Each structure stands twice: as structure tokens, then as C-alpha cells.
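In: prediction below, plus the sequence it came from.
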Amino acid sequence: MIGPVDDVRRGRLRVYLGAAPGVGKTYAMLDEARRRVERGTDVVVALVETHGRAGTAALLDGLEVVPRRTVEHRGTTLTDLDVDAVLARHPEIALVDELAHTNAPGGRHAKRWEDVEDLLAAGIDVVTTVNVQHLESLNDVARAITGVRQQETVPDAVVRRADQIELVDMSPEALRRRLAHGNVYAAETVDAALTQYFRVGNLTALRELALLWTADRVDDALEAYRTAHGISDPWPARERVVVAVTGGPETETLLRRGARIAAQSAGGQLLAVHVLRGDGLRGAPPDALARQRLLVEQLGGTWHTVVADDVAGAVLEVARGVNASRIVLGVTRRSRLAQALSPGVGTEVIRDAGDIDVLVVTHPHAGGRRFRRPPRRGTLTARRRLLGWGLALAGPPALALVLDAATTWDTLSIALMLFLALTVGVALVAGLVPALVAAALGGALSNVLFAPPVGTWSITEPRNALAIVVLVAVAIGVSAVVDLAARRTAEAARARAEADTLAATAAASLGGEDPAGAALEALREALRLRHVVAQRRAAPAAPWVDVATAHAPAAGAATPGATPGAAPDAAPGAALGAVLDDAPDDGPTEVPVTDALRLVLTGRTPPPHEVRLARAVGLQVEAVLERDALRVEAGTARAERERGAMRTALLAAVSHDLRTPLAAIKASVSALRSLGDAIPADERTALLGDAEHNADRLQHLVDDLLDMSRLDAGVVVPRRAPVALDEVVPAALAGVPEGAVDVDVPEDLPLVTVDAALLERALANVVENAVRYGGPPVRVSAGQVDDVVVVRVVDHGPGVPDDRKAAMFTAFQRLDDAPRGHGLGLGLAVARGFVEADGGTLDAEDTPGGGLTMVLTIPLDGGGA
């Protein structure tokens with residue numbers, strides 16, 4: 001490859017993109033070339049395919065055409081782009097048609113787009129064409145639409161790097177009219193094209209793909225321009241709606257409102273943004289966020305999670321980064337007191353939004369608390385709460401008695417410090433409320449027992465009064481901070497445990513035979529439950545049906561991985577099973593996940609945070625069940641599509657391949673009947689021979705069709721029996737011309753257990769195919785390798801490329817330019833089906849020195865059947 005040179009400007013690439021053949025890409029490229037030539041630009045036609053279209057060919061008049069290189073390949077003369085000739089000519093602009101084309105052998109590169117890269121590197125501008133279905137990223141999508149996999153593709157990055165991309169658009173109806181008028185394909189292929197690839201639905205879907213792909217490239221170009229020119233203000237070229245998601249109950253209202261706004265304009269986009277606090281603690285229940293993420297996907301939007309301490313700044317940064325036109329917020333749920341103390345996220349977003357419109361949506365939850373905080377004692381055991389209250393109520397009096405006995409100390413200062421230490425200790429043990437009680441008691445006892453005059457509530461010195469007030473204030477502040485830190489630590493530990501559980505259930509749901517059951521089992525073990533059952537219903541009034549379950553092992557029962565015959569305590573789950581069997585059963589707890597799915601938890605009653613965790617796992621199970629359902633639907637659709645393709649191919653075969661021998665038979669019989677004895681004897685013999693030959697050919701085609709139908713229906717049942725190959729092979733060669741095949745099958749080969757009729761038919765098809773396309777002589781040999789017998793059918797014909805070998809065994813396939821009327825393309829498909837039904841394999845290999853070798857592998861024991 002010629003690399004870029006420092007003093008050579010890289011060429012510019014212009015791409016004409018179309019949705020389907022015939023929309024006018026090449027015509028537009030040539031029309032552009034003629035305009036450039038009229039302006040004095042040096043333009044050459046490096047390669048243009050006219051496909052026999054007169055209008056396209058007429059545009060070549062007056063343009064300089066670089067001669068193509070010629071290649072001899074398997075007896076055929078091919079022409080292709082001559083890169084060296086174009087580089088030697090070095091025009092300003094070169095026209096290169098069909099960017100995704102695969103080059104003929106012997107060129108610089110395998111693909112034409114690589115040749116184009118050479119031209120660009122040499123400073124030559126290139127104008128080219130490509131269809132959207134040839135883009136690598138859209139190949140599978142186009143195949144799903146049209147049923148045809150494109151073998152020739154071009155990487156998306158090559159087209160995205162183009163300096164200009166122009167969409168050549170045409171409505172499906174106009175393209176079909178152009179096709180019907182014979183302006184795209186030859187007349188004899190128009191009917192088939194209109195009923196297959198060029199259906200209105202196919203063309204509409206491909207057109208939408210092309211429009212959307214081009215629109216995305218326009219967005220990329222706009223963003224690159226704004227970045228290059230330092231433009232940070234949004235340019236609302238399309239409606240992009242950013243919805244700030246808190247995870248609260250109002251979020252679904254905001255998302256639906258944002259989706260309606262985005263849908264009001266063509267190409268509108270919905271983006272949901274959730275901001276996590278930088279301290280790593282969640283601000284919303286994970287199950288709520290999971291449901292809202294699912295809703296965003298159902299509305300056709302995208303979900304974005306950002307970690308930041310400044311929520312308003314993060315929302316605005318995302319909005320400006322995606323060039324949003326509008327931000328949707330909900331009316332705050334904070335109380336009036338909280339709003340008076342701080343402006344809130346909504347106010348900050350409105351203040352700093354600039355040119356971005358901000359829509360504040362009211363909802364039923366406005367003006368309330370952000371989230372209902374669970375009771376603080378929920379994280380403490382009953383023993384800790386009792387101990388804390390005991391310290392709060394008995395600790396200050398006990399400490400006062402100890403200090404009162406120490407009359408030699410500076411009692412007031414010592415008392416204040418010790419009461420403060422006691423208050424902090426109470427906060428660590430039992431939380432804020434008991435610490436407040438301990439602070440109040442400590443302050444009161446310090447006043448009565450240690451502040452002069454002792455024994456009264458009055459204080460003579462202001463500094464003593466100030467010290468007691470400071471004690472209470474500091475005790476309250478320190479207790480609040482200690483309590484907050486303890487709660488945050490507990491929340492962080494719980495969040496980590498929940499994250500570990502969700503990660504475990506997610507990993508369990510990714511593989512195995514029962515991913516939904518594995519996820520429920522991980523949840524059951526994490527929450528120490530007896531049973532977890534997922535239930536679904538088809539409609540709101542329909543009964544619930546179990547779809548996945550997880551049960552604790554019975555005490556002493558073996559679990560997966562336990563050693564057979566080991567003692568009960570050797571089973572990994574036995575101890576847990578015994579614990580759960582002894583645990584009290586609080587009855588089932590129903591956890592609604594969606595309208596159609598719920599979890600039923602049996603065992604202890606889970607606290608609220610565990611219910612939220614179970615709901616989040618339930619959403620994972622729902623996703624797994626939907627994935628499995630989609631996989632089943634896809635398999636059914638694929639099978640139906642394949643049956644449809646089989647029916648279409650069958651109709652096409654019947655319409656031509658069966659009609660040809662029938663027409664020949666009818667012509668021979670009609671001549672014999674109408675002319676009778678007037679026909680000379682030698683001509684009568686020739687007519688009878690021709691009729692017999694075509695009748696045999698018709699019988700062969702019908703047999704292939706019937707065999708393929710049996711294979712497709714799965715009703716081929718081999719009747720296996722020991723048989724000698726040296727008896728089967730000669731019978732399989734009965735229909736082959738004498739002398740066309742050399743046979744080398746030893747008589748001492750072991751017997752193979754197969755259905756002799758199926759094997760004979762498979763060998764006959766393979767040998768006839770080799771004789772027809774590889775040419776005689778064909779060699780058939782056999783030998784034993786370990787516990788199999790290998791039969792090789794070797795020809796020395798043109799062979800088949802590696803990337804086409806698999807296609808040979810597909811029904812109704814003819815490779816290269818095999819003419820119609822030479823069979824239905826079923827022979828090898830039927831042969832492989834029969835061989836595999838007998839437990840063997842049929843594959844293709846290259847023959848050393850040129851040609852194709854078909855390898856039949858036959859197990860001696862009949863494949864274990």
C-alpha cells in the first residue's frame with residue numbers, strides 16, 4: 001500500500017449513499033463528474049458499472065475512462081479496477097463505483113475500499129457509491145429485513161471518514177416503477193425482483209435505515225463543527241429532551257411527559273439522567289430505578305447515570321453535551337422550610353440553563369419529603385437499644401455520684417468533659433435520641449451538683465452557665481454527627497451487600513440451563529429464605545402461574561456438588577437447610593415486580609430494604625424471561641422465514657427446472673404422434689431417446705424434491721444394518737457414464753452400520769455433482785481411520801472458494817454461473833441430510849493441485865444409534 005507522504009495532501013472522499021440498487025447513485029456520480037469536467041476539473045472514470053442501463057452508459061460519453069485490468073480466473077475473464085493505472089494517471093478526481101465490492105484475484109487488496117484508500121493517500125479525490133445494506137454495522141439488520149445476507153461489506157469507519165456523504169433518495173413506489181420499466185434489471189428478472197427483494201416493505205425499511213444513518217452522520221458533523229469553533233451553547237437542530245430522574249414516585253410522570261414532547265418533532269430523542277451523589281450512597285431505591293430504566297427503554301429513550309456532588313451542574317453539563325433543547329424537571333418534594341434554607345436543584349437548573357428551555361412539571365407528590373427515612377432504630381438490635389437507653393438514663397446519675405465523691409478535683413470542668421464523653425458514647429451505642437436525653441441529664445446534673453451554689457438551680461457565675469450551655473450544645477452536635485456517621489456507615493455496608501447480591505444474581509442469570517431459577521436461588525441464599533417463587537400472569541384477571549422457583553435443601557439432603565454417599569453434614573447446603581427448617585415460618589410475602597410478575601417469599605418476613613432488593617432481582621428475572629421468550633420467538637420466526645424461502649425457491653424451481661424437461665418430452669411425443677411413420681427411423685429413435693432422457697431427468701428432479709421435503713419435515717428414519725461399502729459404491733455409480741469414475745474401495749474394509757439406500761443415494765448425488773462440475777475422471781476411494789470409514793470423492797475441476805463451500809450444502813444453491821436447467825441445486829443438500837441422518841458427516845476440501853474433494857465420514861457403529 002502506498003502510505004501518505006508528508007508533502008502530499010490527502011484526497012477527499014465523497015460518498016453517494018443509497019437504500020437499494022437502482023435509486024440513481026451511479027447516475028448522480030456521473031452527473032457530478034460531467035459538471036466538474038465542464039468547470040475544467042481533471043476527472044477520470046476509474047471504474048463504473050452500468051449494469052446494462054442505457055441512461056447510465058450515456059453519461060460516460062465525453063469522460064476519460066481508465067482501462068481496467070483483466071484477470072483469468074477458472075476459465076473466466078474478469079475485469080476490475082486498475083489502481084496502478086489510476087495512480088500513474090494521477091487525476092484530480094477519480095470515480096470508483098461500488099465501494100464494498102470484492103476485488104478479483106491478483107489485485108493489490110481484497111476489497112475495493114482498500115484500493116480507494118490508496119488513491120486518497122496519493123492525494124487523489126475519490127467519488128464513490130455504496131448501498132446502506134453493505135455497511136458492516138447494518139448487515140444483520142438488512143438481512144433480517146430482506147432475508148438476504150450481503151457477502152460484500154465495507155467498515156462503517158471508512159464511510160464515516162468521508163468528507164461528504166450525499167443520500168440519493170427515492171420513494172419505494174418510484175423505484176418499483178423504474179424497475180418495472182426495465183431501467184434497473186433485465187426484463188426476465190423484473191417479476192422475481194418485484195416479488196422478493198424489491199417489495200414495498202423491504203424498500204421502506206431500507207430507506208428508513210439510510211435516512212437514519214445519514215441523520216446520525218449529520219449530527220456528528222454538527223457536533224464536530226461546534227467543538228472545532230468552541231461553541232458551547234446548544235443548537236437545537238432536533239428536539240432532544242433531557243429528563244432529570246430522581247427515582248421518586250413522580251419520575252414516571254416526567255418521563256412520559258418528556259417522551260410526548262420528543263415525539264412532537266421528527267427525530268426527537270428522550271434522554272433520562274440520574275445523578276448519583278459522590279459519597280457513593282444511593283439516593284433512591286434500586287428497584288425504583290430499575291423500573292424507571294425499563295420505562296425509558298420502552299419509551300424509546302436512553303438512560304444515563306452520572307456521579308457528581310453538584311446535581312444541578314451535572315444535569316446541565318449532560319444537557320449541553322448532547323445539545324439538548326429542553327430539560328424536564330418535577331416540582332420539588334422538599335418542605336417549605338427546606339426550600340427556605342437552600343434553593344434546591346430545580347431553582348439552580350433554571351438559573352443556569354441559559355438558552356435551554358426548562359419545563360417544571362407538577363405532580364401529586366409535590367411539597368412532601370424527598371424520601372421517607374426508615375426508622376433509625378431499624379439498623380439497631382433490641383439489645384443495643386436497651387443498652388443505649390440504660391446508659392442515657394442511668395449513666396449521668398452514676399457519673400454524678402462518682403464525681404461528687406471526688407471533692408478534691410476541679411469538679412465542674414471535669415464533670416462537663418466526662419458528661420460530654422458519656423453523651424458521645426451513648427450516641428455510638430444507640431443513636432441520636434438517647435444521646436439527647438443523656439446530654440440534657442448531664443447538663444441538669446452539672447448545674448445542680450457542681451455549679452456554685454451547689455444544690456440549687458441558680459448559677460452565680462455567668463461563665464459556669466455558659467460552660468453548661470456549651471456542654472449541651474456540643475453534646476447535641478457531636479451526637480448528631482456521630483449518629484449520622486454511624487447511619488451512613490450502615491447504609492454503605494447495606495448498599496455494598498445489596499450490590500454484591502445484585503451482581504451475584506446478574507451473574508447467575510447469564511448462563512446455565514435455568515438462569516431465572518439461578519437468580520432466585522442467589523436471592524434466596526442472600527436473604528436466608530425457605531422458598532422464592534416467581535409467578536407471572538397473562539392478564540390482570542388471569543391466575544398466577546409459577547415460572548421459576550428456588551427452594552432450600554432439606555436437612556441432610558445432598559445438594560449439587562455434594563459427594564454421593566457422604567454423611568449429611570458433607571452436603572454444602574445441609575447446614576443451611578437445617579437452620580431454615582428450624583427457623584419460624586412467618587408465611588408468604590408477596591413482592592409485586594410488574595403488573596405481570598411477582599415474587600413470593602416464604603420464610604421469615606423480610607424488612608423493607610430486603611423487599612426492595614427482591615424487587616430489583618425480580619426485574620432481572622423479568623428481563624431473563626423476556627429474553628428467553630424473544631429467543632423462542634426469534635427461533636420460530638427464523639424457521640418460518642427459512643420455510644418461506646424454501647417455498648419460494650421450490651416455486652421458482654418448479655416454474656423453470658421442471659418445466660424444461662416436461663416441455664422437451666411433450667415436444668418429442670407431439671412430433672411422434674403428429675408425423676407418425678413419416679419420421680425416418682433414425683430421427684424416431686433420437687426423439688424417443690430424447691424423451692427417455694428428459695423423463696429420467698424429470699424423475700431425478702422429483703426425487704430430489706421429495707427427499708428434501710422429507711428431510712425438511714424430519715421424517716427420514718434410517719433403517720440401519722451392516723453393509724459392505726464395496727457393494728454400495730458400485731450401485732451408487734449406476735447413473736454415471738462409464739469410465740468417468742475410478743473406484744478404489746478395498747474389499748477387506750469392515751462393515752458399516754448404515755441405511756444402505758440412504759448412503760447409496762447420498763454417494764450418487766455427490767459423484768454425479770463431481771462428474772458434472774469437476775469433469776472426469778473422478779476418483780472414489782475409501783479407507784478406515786480409527787473407528788470410522790472415510791470415503792473421498794476427488795475431482796480436479798475448478799474447485800470452490802473456501803467462503804462458498806458452506807453454501808454448496810444449502811438447498812436450491814448453484815455456485816457461480818451454473819446455468820438453470822442443470823438441476824435444482826438440491827443434490828448436495830440431500831446428500832448431507834442423508835449422511836447426517838445415518839450418523840456421519842459430509843464436508844468439502846480442496847484437492848491438492850486444484851479441484852474439490854468431498855469427504856464422507858461414516859461411523860462403524862452407525863453413529864451410536
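Out: Done, it's in. Numbering: from 1, shown residues only.
In: where exactly do the helices run in the stretch 651-800 of the chain?
Out: 659-675, 681-713, 725-732, 756-774 (DSSP state H, counting those that start in this stretch).
In: how about the strands in the stretch 451-600 of the chain?
Out: In the stretch 451-600 of the chain, the strands defined using DSSP state E, counting those that start in this stretch lie at 531-536, 545-551, 589-594, 597-602.
In: list the contacts of Tyr27.
Out: Gly55, Thr56, Leu59 (CB atoms under 8 Å, 6 or more residues apart in numbering). From N, CA and C alone the C-beta is placed, and that goes for glycine too.
In: just the helices in the stretch 401-550 of the chain please.
Out: 411-430, 432-445, 462-508, 515-527.
In: right, so of the ones you listed, which gets closest to Asp677?
Out: helix 515-527 (80.0 Å; CB to CB).
In: that closest one: which residues count as buried?
Out: 515-527 (16 or more other CB atoms under 10 Å).
In: tell me the one of these nearest Thr501?
Out: Using CB to CB, the buried residues of helix 515-527 come closest to Thr501 at Ala526, 4.4 Å.
In: circling back: which of the helices of the stretch 651-800 of the chain is buried the deepest?
Out: helix 756-774 (a mean of 23; mean count of other CB atoms under 10 Å).
In: all strands of the stretch 251-400 of the chain, in order?
Out: So, for the stretch 251-400 of the chain - with DSSP E, counting those that start in this stretch - the strands run 269-276, 302-307, 326-330, 357-361.
In: now those strands in TSV, with distance to Ala770, mean pLDDT and mean neighbour count?
Out: Shown next, in TSV, are the strands of the stretch 251-400 of the chain (distance: least, CB to CB, whole Å; pLDDT from 0 to 100; neighbours: other CB atoms under 10 Å):
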stretch	distance to Ala770	mean pLDDT	mean neighbour count
strand 269-276	58	89	22
strand 302-307	56	86	14
strand 326-330	69	90	24
strand 357-361	73	89	16
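In: so for Val43, which of the ones you listed sits nearest?
Out: strand 269-276 (40.2 Å).
In: which strands border that closest one, and is each parallel or antiparallel?
Out: strand 240-245 (parallel), strand 302-307 (parallel) (DSSP bridges).
In: make a markdown table out of those and add distance to Gln699.
Out: Shown next, in a markdown table, are those (distance: least, CB to CB, whole Å):
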| stretch | distance to Gln699 |
| --- | --- |
| strand 240-245 | 67 |
| strand 302-307 | 61 |
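In: Ile350: which of the ones you listed is closest?
Out: strand 240-245 (11.7 Å).
In: that closest one: which residues count as buried?
Out: Arg240, Val241, Val242, Val243, Ala244, Val245.
In: neighbours of the closest residue to Ala534 other than its chain neighbours, how many?
Out: Spatial nearest neighbour of Ala534, excluding adjacent residues (CB to CB, 6 or more residues apart in numbering): Ala548 at 4.2 Å. Burial measure for Ala548: 22 neighbouring residues, criterion other CB atoms under 10 Å.
In: what's the answer for Leu295, then?
Out: The burial count for Leu295: 18, using other CB under 10 Å.
In: tell me how far it lies from Glu626.
Out: 14 Å (CB to CB, to the nearest Å).
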